[in-house]
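>>> I'd like to go over a predicted model; first the sequence, then the structure.
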Amino acid sequence: YCQNLTKTGLLEFLSKCSATLKDLNLSKAKISGEGLESLPILKLEKLELSSCRKLTYTGLLQLLSKCSATLKDLDLHGTTISGEDCLESLPVLKLEKLYLYKCRKLTTTGLLQLLGKCSATLVDLNLTSTNFSGESLADWFERHAPGKLRRLCLSLANVFAADIERIRTALPHCNVLTYN
């Protein structure tokens, strides 16, 4: 884990390997992500920001703006991003995997904005241990049905049997997994 990583340390590291780095794991780093405007464009395919509790909307936007063209796998699980303040200005993402497990502050509106930026390419979506309304998710999937989605993980806390059935109908090629 990167618990002692500073913004300066991250900038120094990335300036040395940005041309070749494909996978960046910043799990549990105590960085906000802000102040990274000087970073060069990154060719990241995987960015793991799990449990980065100090990550801000601005910081997330700055990081994603540096790697949106190549990023396929984004792990935000356990972050405190709500999404409503920043996700409208996100670039379109070519994500195949999006992990939002335990993103308890991410609102339904924030989630739907994020899905709107990456649903065309999304294959794997983890929404377990979140507070999303099953009805809102079912409504969105019925309207937008991401055709490449093959795996969807949900918690049963706010998602009911009728919601799951609607989602499965909207996504017939998707394995919808539910957890208590």
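Received, thanks.
>>> and the closest residue to Ile41 other than its chain neighbours, how far is that from Ser27?
In space, and not counting its chain neighbours, Ile41 is closest to Lys66: 5.8 Å by CB to CB, 6 or more residues apart in numbering. All C-beta spots, glycine's among them, are computed from the backbone N, C-alpha and C. Applying CB to CB, to the nearest Å, the value for Lys66 to Ser27 is 18 Å.
>>> and these two? which has more neighbours close in?
Lys66 (21 against 15; other CB atoms under 10 Å).
>>> got a list of what the more buried one touches?
Residues near Lys66 by CB atoms under 8 Å, 6 or more residues apart in numbering: 36, 39-42.
>>> which residues of the chain fall in strands?
Ranges of strands in the chain, per DSSP state E, are 23-25, 46-48, 73-75, 97-99, 124-127, 151-155, 175-179.
>>> For Ala161, which of these is the nearest?
Among the strands of the chain, the nearest to Ala161 by CB to CB is strand 175-179 (9.3 Å).
>>> Show me where the chain dips below the pLDDT cut-off.
Scanning the chain for pLDDT under 70 picks out 1, 84-88.
>>> Dump the strands of the chain to TSV, plus distance to Glu135 and mean neighbour count.
Formatted as TSV, the strands of the chain follow (distance: least, CB to CB, whole Å; neighbours: other CB atoms under 10 Å):
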stretch	distance to Glu135	mean neighbour count
strand 23-25	35	15
strand 46-48	31	20
strand 73-75	26	21
strand 97-99	21	21
strand 124-127	14	21
strand 151-155	12	19
strand 175-179	15	13
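>>> Columns distance to Leu5 on top of these, output as TSV?
Formatted as TSV, the strands of the chain follow (distance: least, CB to CB, whole Å):
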stretch	distance to Leu5
strand 23-25	11
strand 46-48	13
strand 73-75	16
strand 97-99	21
strand 124-127	25
strand 151-155	29
strand 175-179	32
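>>> between the ones you listed, which gets nearest to Arg168?
strand 175-179 (5.3 Å).
>>> In this protein, mark out all the helices, start to finish.
7-17, 57-65, 108-118, 134-144, 161-170 (DSSP state H).
>>> Output these in JSON lines; the columns should cover mean neighbour count.
Shown next, in JSON lines, are those (neighbours: other CB atoms under 10 Å):
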{"stretch": "helix 7-17", "mean neighbour count": "13"}
{"stretch": "helix 57-65", "mean neighbour count": "20"}
{"stretch": "helix 108-118", "mean neighbour count": "20"}
{"stretch": "helix 134-144", "mean neighbour count": "18"}
{"stretch": "helix 161-170", "mean neighbour count": "16"}
